[in-house]
Structure formats: structure tokens, C-alpha cells
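# based on what follows, work out the 3D shape:
(2 chains)
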There are 2 protein chains.
Amino acid sequence: MERVASSFMCSSLLVVLLLLSASRPAHSKVRVHRWDISYAFKSQDCVRNLAVTINGQTPGPTIRAEMGDTVVVHVKNNLVTENTAIHWHGIRQIGTPWFDGTEGVTQCPIVPGDTFTYRFVVDRPGTYLYHAHYGMQRSAGLYGLIQVALPAAQVEPFSYDYDRSIILNDWWHDTTQQLSTGLASVPFVWVNEPKSILINGRGKFNCSLAAANQVCNATSPDCSPFVLTVVPGKTYRLRIASVSSLSAFNFEIEGHDLLVVEADGHYVNPFAVKNLNIYSGETYSVLFTADRDASRNYWIAANVVGRRPGTEPGIAVLNYYPNHPRSTPPTARPEGPLWNWNDTDYREQQSIALSRSHPDYIHPPPATSDRTILLLNTQNRVEDGRTRWSLNGVSHDMPHTPYLIALKEGLRHAFDETPAPERYDYENYDVSRHPPAVVNATISTSIYRLKFNSTVDVVLQNANTLANSSNSETHPWHLHGHDFWVLAYGTGKFDPRRDTSKFNLVDPIMKNTVALHPFGWTAIRFRADNPGAWAFHCHIEAHFAMGMGVVFAEGVDRIGRLPTSIMGCGDSKFLRGRHH
Amino acid sequence: MERVASSFMCSSLLVVLLLLSASRPAHSKVRVHRWDISYAFKSQDCVRNLAVTINGQTPGPTIRAEMGDTVVVHVKNNLVTENTAIHWHGIRQIGTPWFDGTEGVTQCPIVPGDTFTYRFVVDRPGTYLYHAHYGMQRSAGLYGLIQVALPAAQVEPFSYDYDRSIILNDWWHDTTQQLSTGLASVPFVWVNEPKSILINGRGKFNCSLAAANQVCNATSPDCSPFVLTVVPGKTYRLRIASVSSLSAFNFEIEGHDLLVVEADGHYVNPFAVKNLNIYSGETYSVLFTADRDASRNYWIAANVVGRRPGTEPGIAVLNYYPNHPRSTPPTARPEGPLWNWNDTDYREQQSIALSRSHPDYIHPPPATSDRTILLLNTQNRVEDGRTRWSLNGVSHDMPHTPYLIALKEGLRHAFDETPAPERYDYENYDVSRHPPAVVNATISTSIYRLKFNSTVDVVLQNANTLANSSNSETHPWHLHGHDFWVLAYGTGKFDPRRDTSKFNLVDPIMKNTVALHPFGWTAIRFRADNPGAWAFHCHIEAHFAMGMGVVFAEGVDRIGRLPTSIMGCGDSKFLRGRHH
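Numbers count the residues shown, from 1 in each chain, chains lettered A, B, ... in the order given. Okay, here's the model as predicted:
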């Protein structure tokens, strides 16, 4: 009897301690979501096609929370034969590296029939994303927004009347199985340009171009353009995010200047633009005021940039209340900035303009770094004839035992323990030569191990693709588990002896996704202060599938006990029961 | 030291005992196969399309073994996001119920990156199949033949000069994801008729009908008709198998009679046919002699029967050596038997003719049965509005914890423990009424528990579909883990008091797959003598996906320790580590 009582008291004490240790602000909430992931037929661009949906919808529901809240998402996989995993893009997962949702890095895939529970704290205000991080499943429609508000007592360094959001995507008519098989085939089958651009999941394919075996219904409500209704005179915060699989977008609202105030959850030094270039994985907030001729509606457009035009822009409507929301603007649709092989300059200048932090919110970077990793981005052939992307000659291969589990549990042989290469032969490599002198690369699961709390610089270096002509692509690089300072963008080849002088150490913006422009370089700095294993990769779905990524690991000895729910695949098969 | 030695001796003794207990004939071999499962683009019917392949091929390699051999197949799943499982159709898996390869019944799915090893004894000679048993993955191309030869000292009750094989399939241009999503949608989206019929993986879609977004190459070697070259005067054993997803086939070789000698691995009372009806999941051996005009080639054709024609027949060429193998036969392609709504009679008569065992190989059935399960086959609506198939008003839902594991390990709540219904209201149900009086059915994971070594009769009863018109379909039912005696085929409603007198208890053929004809009934008998959990289901891929199956369990207490490789999903997650 005594033992029972004392055991009960111990349990109670434990509960109290656990509650205290959670150390969330007194008013923080737990936001619980229950999601069923399943295929459904949608006509997002008027062509009936399969999409991976959340509770029947694509894009999925927006997760709204307040800074400090805990978000809980119960993900039930109702796909018939496919697994899944969901990444919370921009959420650093401090203390919960196992819930980053990156298959192969932080967890095993969620098999059909299973319910996996993600639980994490949203510790910073701002605009974030979530999306599938498994194969090319993000392309199939599994994505959405996360909006984290400031606590009620705090104010942002700008004001507005209403808060709205837009999420951009590009869309194919082939399935992700077809697309990914093509990319891994010899000879290589490229995904080609998208069939349409989606704004909030709605696009418009020209039904007269539809094939005989396609059902194209131009009047389907699924593809009715998104309408953003505004009240004349009011100021709007518009959150703009992109999960595109390939395309870079130029976003504009006809006749309305946009004041950029937030990028990837950080306050930028406010900067006015006519139009905004946005790369896959980025989020922005812009302010605009509905101060134009209120008797008509206006076009909202997302034009493809950085690649030769050919895809119709994504279109939405800015509707001035009380005009009819379906009243077509009297003007021609915006064409976007004039494209030529050098739209790079314009885009790079805007990247630079948006890379300064709001003066009241500067997080100064460490003055020096402990380590500089140069990452040469190249297109290559590998031994079996496949076309791949590589970093310093290594094309990343995702292992089937997640790195986090392998590292923490000491599973040997789960990945290549040879350190990934720190740099390339930067003195001799000609980044503009075409075709490049070096064609071949190797495949590896190797990673970068970072000293805990060290400061790391990464300089992304672009180069010519395998093309015989002058050709270099834009790569938006996304880092998991951290924000980084954007120190500099440069053109040509980064010179480690000279170009560090160009680094902005005064007021660099922090981001989680940054563009590497054609034939240029981008330098970032971050603190390796988040114990875990973290992907850093090109956010173009096809490029990551072709090996364009690396993995950083830090502070593994500081990671707490892993939840068994992330285990079950590869060499982690037998851990679940042991830990249970 | 002593303990080490004694432990070593014990282990050695164990090894010796295990070797002895395997009790395979002295000359039996272990046949090892290593298979990579991956998607590849193929042009099986001239239209370029994804297929699930084994080592790059569809159909996969034929497994050849001798009776008593052990077949070992190391299956590496190289699909990107999809799991798999492979069933060895017709192999009873005596002593290895865990390697039947039926996802949800005998194993968890094999996740990408994993290698699963199947190991089983082929204990009977004959012609068998293998194919994916997960979602509708069989339709995607994962299938092939198993040929088990008699030991060298034994002879078959027929003779021939050469042994050849043909495997039939039907083929769609939609992916299995599209097909299965349609079947589970509200409103229901039927898969429709196949785009083409494949003979040994080769079909011919009319490229002039191809859609603009399809690549159709009429001269692709992938779709060059299969050529069966014969030497004049020689006699051939032709093994014919069907893995079709929907279609019943009528198979013929122009101008050549076929003597049916084997069905599903058993010797039938030899019966000559002009053409052979073959249902999905069946295998036959026929003998024919190349005794016709040797100056020309002949058509081989597989025409769709049982459904209104509309699909071009599958075509191959019988090539008399030394004619050119591509020399087109001078005659019109065989049309197949004239189709009308009553081709049922002809097919049923052939079923009956082929249901007698070879007189020298009669395995007499037990004279009486211990239990009779009546299974009314109906099309229904379930609560959420989906269209399903049901047995006695219950539509089968596959659980995510395999039955075999749940039963053996005593996992409660893994499935509905309510016994599945033993019969329907056969006195009052009007099987020909249209639309049927009862429209609704319930979904359940319930099963039939069979007394070990008991004799069980199952009478499959057909009925009208949900259609308002008179309509009943052919369902080929396949039993895992057993062969059954085919006792009778009948038309109309089976009357348990009267129709048992029609049972053939003298020389019934044993099979593993049997047709249930429109508006008819089929009675089978089997011994529940194989400890395990076994699926019994309609072999039409779409019908099984819509719930048209049941599960039998018997002798669970006699099952040895389950391999941990089959675990890892649902409630079996935590067993792997415990057993390891």
C-alpha cells in the first residue's frame, strides 16, 4: 500500500516537473491538427489530375499559431502504397530535431495506415511553409503555410489593416512517379517546363491544348482564379510563399508597389519593389495599399523568370470591393520583366537589396567563422550513366537509415563515414567553361560534421551545366534547423583570399533559403548550435532528387532520447522494440 | 570454459537437427534470385508508359525449379516512395506461411531501400505465378511465372518435345495510383476496359488513337509481337497463365487444337479444345502439335470474353520454322468465340469439362465437409458512399497489422474479432433481381477462423450487380495456402438442401483459382491443414481493391516463430526489436 502511494506521488511529481520543464510562456497554446493524407482527383489547372491532399485539399490548411505555441499534427497516411513525411520549413525544431520531417535525414517514412505525430514549438513569429519531404511528393500537392503571430503584447515594425496570403507553385500533368523515373533514367528524361503556375492551388491550362485522354474543364471551380478582395484605402500585409518544384517567379500586383518587410520570418530593411522575385522555399511579407482607381479590378501575376518563358503566368485577381470579384481587369495581363539570358542581373540586384535586416532587428553575425565550406554546384554524369547534380564532385545519395538515428544510436555502415569534401579545386576550376572540363562525379551518402556551437561559412559557387553552351541555373538553397546570415552575393568565381571583404557583417538579413544565381556565388554564415542532422539542399524538387544536397550534423551527443516513432526502416528496424 | 563448449555443442546439434528436419530430397537445390524492383519506362503496347519492373523487365524472369527445391528470392525495393510485397501464387507455403507475400495478411510491406528475402519450398510440380500483392501494383507490371519440374526420375502423364510458356495480361495507360484513387472516389470512377492485351508483355495499341501527350511508337521492340517458333511435326507443351487485372481471355492458336493437360499444377483429365477460356490467376498446360501447313505462320490470339468486346485482342505469332518469324499470317486474326450476353453458357461448359482430374492422379476429396460457408458476391454501397464488393454484406478492409502477426502474437484490436458471416439470407435473397433489394454493405476486417484439419466447403454465389439491368460478372476466386477440389458449377441460386447432390466427389480437379460465372454458383472443398492466415479473393485487381475477399485462419497455435522481417507496420512495430 505504501509502495503504491509513493509510486503515485512520484508519478505526480514527474508530471509537475515535466510541465514546468516545458518552459513555454504562460499563455502559449497547443494547436492540434489531424490530417488525412490521400490521393484525390483535382482540376487545379482545369485538367483533372491526381493530387496528394490533406483532408481532401491542396494546398493544405494553413497552420496558425502564436509565437511559443506548440503545434501538434497527427498525420494519418491514407495513401494506398506510398509512404510520406512532412517537413516544417523554416521551423528550426530546437530540441525536437526528430520532428523535422526529412525522410532519410531525421525520420523513417510514414507507411500507409500509420499515424505519425509531429510536435514542435514555433519559437519565432513569421511566415513559414510545410511540405512533403519524401521523393518528389511535394510536387504532387502536399504543401501549405504556417503563420506564426507575435504575442498579443508585441508589435511588428510595420502596420497594416488586413493579413492575407498567397502560395505559389508550378504544376505538371505527369505523376511524380513518371517525373522521378525520368530523372533517374538513362538516357535522362527531363521534367521539362511546368504545364501551369498555381496561385493558391489554382491555375489555368489552355483546354484547347489538352490531349484527348485529358479531362479539361475551363469552368471547374477548382481552377477559378484566386480572388484577393481589398477595401479601398486599406493597407494589406500579403504573405507570399513559393513551393515551386522548378520555377523562379516574378510576382506583381498590377499598378501596386510592394513594400517588402519580412523574408523567411525575419524583418528586412523595408524595400519597395514593383515586383518581387521569389524562389522556391522562400517566404516574404509585403505591404501594399489599395489606393488605386477603385472602380476596377487588377491582375495579380506570377511570371516565370530565370528560364526561357513558355509557361503561361499564374494569374489571380485583386478585387476592389464592391466590384464584382469575377469582373475581369480591363488591362492586359502583366508580362513580367522582359526576359533575356541576362535577367540574372536584375534578379541579383533585388536579392542584394533585400539582404539587409531591419535596423531595429539586427542580429549581428559572429565577426569571424571557424570554418569555410566551398560548395561547387555542378551538373555531372555518374558511373551508371545517370545525370546528377553534385557538390564538389559528390552527388548526394539519401541513405535508408536516417542520419539522425544512425548518428545518435551509433549504427555503423548506415552511411559513408568519409567526410564530404570541404572545397573544390577553386584555383583551377573554370566555372564558365562549357562543356565543363570535369564531367564525372561520384555518388555518396557522406556528410559534414560540424563542431557544436562553431561558426560555419558556406560559399555556394555556381558554374556551367553540362551544356555545350554557356548555361548556368538558379538554385535556391534551403537549410534545415537554422537560419543563416546572408553575407554576400557575387558574380564569377569566389576568391577566398579576396571576396570575404565583400561580406556584410553589419546588418545581414537572416534567412533559411537563399538564391544562388547563374555563374555567381552566395556566401552565408550560421552557428552550428542546434543538435541534430540537417539537410541543406537545392529546393528545386528535381535537383534535390538528382543529388543536389548535403547534410550537416552537430552536437549529436547533446540530443535527447529519440522517439521510436521515427524508427523502423533500414538499420533502425530493430531499435523500435528495444526502446519501447 | 565448459559452458562455452557445451553451448557450442548445443548449437552444432541444433544445426544438424535443423538440417535433418528440412527433409528435402537429397538432390534438391536452392535456387537463389536477386531482384531489384524499380519503375522503368516501357512501351509494352507501343505507348511509352511507366511499369514496375524486376531487374528492368516486365514480365519478370521465370523462376525454374525442380520439385522439392528451395527458392530464395532477395527482393530489393528500389521504388522511390512505394512499398511492395510479392505473392507466390499457387505455392502453398507449407511451413512458411509468413512468406506468402500478401501485404496485410502475411507480412508488412517492404519499404524502399529494404531487401526482403522470401524462402520457400516448391513441393509440387506444375505451373505457377508470382506477382505483387499490394494495392494494385500487380497491374503495374510486377509479375511472372514459376515452373516447377518433376524430379528427373519421374514422368508426366503426357509427352511433348518442347516446353514453352505464355503469360497474358491486360494493360491501362493510367497509373495504378490513378486507377485505385478512382475506385475509392465518390462518385465512383471505374477503371474501364483495358487499353490493350499483352502476351508475354507485348501488346499493340493503335498509335493513331494515341493522345497528343503520349509517345506511341508502333515499331518499338517493346511491342513487337511475341513469336513462338515451332518445328514442323513436333509437339509442344504450352503453359498459359493469366495475371489480368480485369479481363477473362479466350486463347487460341489458329488452326491448332489444344489438349488441356494441366490446370493450376494438377493433371486434368485430358480434354481437347479449339480455344481455352482462362481467368485471372489460372494457369494451364496445353499440348499441341505443329502439324499444319508448314509454309506459313499462324495467329495466336487472346480475345476478351465475358465483357462486351471493345478491346483489341492480344496477338502473337506461331512461327513454323524455317519461315521468317515476322512473316504475317495470310489469314484474318481470329475473332474469338462470338460474343453475346450469353457467352457464359459456353464458358461454363468448358469450366465443367476441365474440372475432372486425370484418372491416374485423382486425389479423392473427403466425402463430407465439417462446415459450409456460403458467400454471396454482391456489389454494394458503403456508409461513406463508396462502391464496393461484398461477401454476405461485408466488404473486406485490409488491416495495417498483418493478420498472421496479429493472430500469432495475440495483438488485440488489430482487426475486427467478430466472426465474418457464415452465410446470407439464401432463402429470401433474389440473386437475379435488379437493382438488388439490398444496396448497402458494411466494411470490416473480420475473418473466418477454421478448425485445424477440418474440411470446409465454400459455395460462391453470384448475383446481379448494382445495375438496374440484368448484369452479373465473372469472378475468378483464388485461395492462398491451399489447393481446393472443384466440386461443382451451377446456375441460379445454390440450394444447400438439394444442390450438394451435384457435387463431383469422384474425380474433381484440384485448383487454386476457380471462376464464378455470372448468375451462377461454384462449390469448392478444402482441408484447413496449413497453419497460417490465408487470403481468398476475387483475382480481378479492381474487385479485390474494392473489398472482394475474405481471410481464413487455421492452426495458428502450430505456427513456428515468425521471422521479424515480416514485421514493422501497424501494431507489429515494436515486435521486431523484441524478437531480434
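# which SS state does whatever residue of the stretch 51-200 of chain A ends up closest to chain B fall under?
For the stretch 51-200 of chain A, the residue closest to chain B is A:G113, as judged by CB to the nearest CB, at 2.9 Å. Every residue, glycine included, has its C-beta placed from N, CA and C. Of the three states, A:G113 takes coil under DSSP: H, G, I helix; E, B strand; the rest coil.
# quick check, it in contact with A:L79.
No: A:G113 is not in contact with A:L79 according to CB atoms under 8 Å; the separation is 9.6 Å.
# more neighbours, those two?
For A:G113 versus A:L79, the count of surrounding residues by other CB atoms under 10 Å in any protein chain shown is larger for A:L79: 25 against 19.
# contact partners for the more buried one?
A:I37, A:S38, A:Y39, A:V52, A:P112 (CB atoms under 8 Å, 6 or more residues apart in numbering or on different chains).
# cool, A:E156 as well?
Residues in contact with A:E156 (CB under 8 Å, 6+ apart) are A:P125, A:L150, A:V261, A:Y267.
# for the closest residue to A:H173 other than its chain neighbours, report the pLDDT, please.
Leaving out its chain neighbours, the residue that sits closest to A:H173 by CB to CB, 6 or more residues apart in numbering or on different chains is A:K195, at 5.1 Å. You'll see A:K195 listed with a pLDDT of 96.
# list buried residues within the contacts of A:E156.
A:P125, A:V261, A:Y267 (16 or more other CB atoms under 10 Å in any protein chain shown).
# check contacts around the first one.
If you count contacts by CB under 8 Å, 6+ apart, A:P125 has them with A:M67, A:V148, A:A149, A:L150, A:E156, A:G265.
# mind listing which of those residues are in strands?
Mapping those onto strands (DSSP state E) picks out A:V148, A:A149.
# so where do the strands sit in the stretch 351-500 of chain A?
Remark: strands assigned in the stretch 351-500 of chain A by DSSP state E, counting those that start in this stretch are A:371-381, A:387-391, A:394-396, A:442-444, A:448-450, A:455-461, A:475-479, A:484-491.
# closest to B:S454 out of these?
strand A:442-444 (55.8 Å; CB to CB).
# got the contact list for the residue most central in space within chain A?
For chain A, the residue sitting closest to the mean C-alpha position, by CA atoms, centre = their mean, is A:G281 at 2.9 Å. By CB under 8 Å, 6+ apart, the contact list for A:G281 reads A:H89, A:L129, A:S242, A:V243, A:P476, A:H478, A:N512, A:T513, A:H539.
# cool, and A:E409?
Residues in contact with A:E409 (CB under 8 Å, 6+ apart) are A:L562, A:S572, A:L575.
# pLDDT wise, what is the closest residue to chain B within the stretch 351-500 of chain A at?
The nearest approach of the stretch 351-500 of chain A to chain B comes at A:H400, 2.8 Å away (CB to the nearest CB). At A:H400, the predicted lDDT confidence score is 95.
# confidence score at A:V4?
40.
# now swap in A:L18 and tell me
Predicted confidence (pLDDT) for A:L18: 45.
# what about the helix or strand harbouring A:V52, average pLDDT?
Here A:V52 is covered by strand A:49-54, with elements defined by DSSP states H and E. Averaged across strand A:49-54, pLDDT comes to 97.
# and what of stretch A:32-42?
For stretch A:32-42, mean pLDDT rounds to 98.
# what is the strand holding A:V52 packed up against?
On a contact count with 3 or more CB pairs under 8 Å, 6 or more residues apart in numbering or on different chains; DSSP states H and E, strand A:49-54 meets strand A:30-42, helix B:176-183.
# from these, which stretch is densest packed?
Across the helices and strands packed on strand A:49-54, averaging neighbours per residue (mean count of other CB atoms under 10 Å in any protein chain shown) puts helix B:176-183 on top, at a mean of 22.
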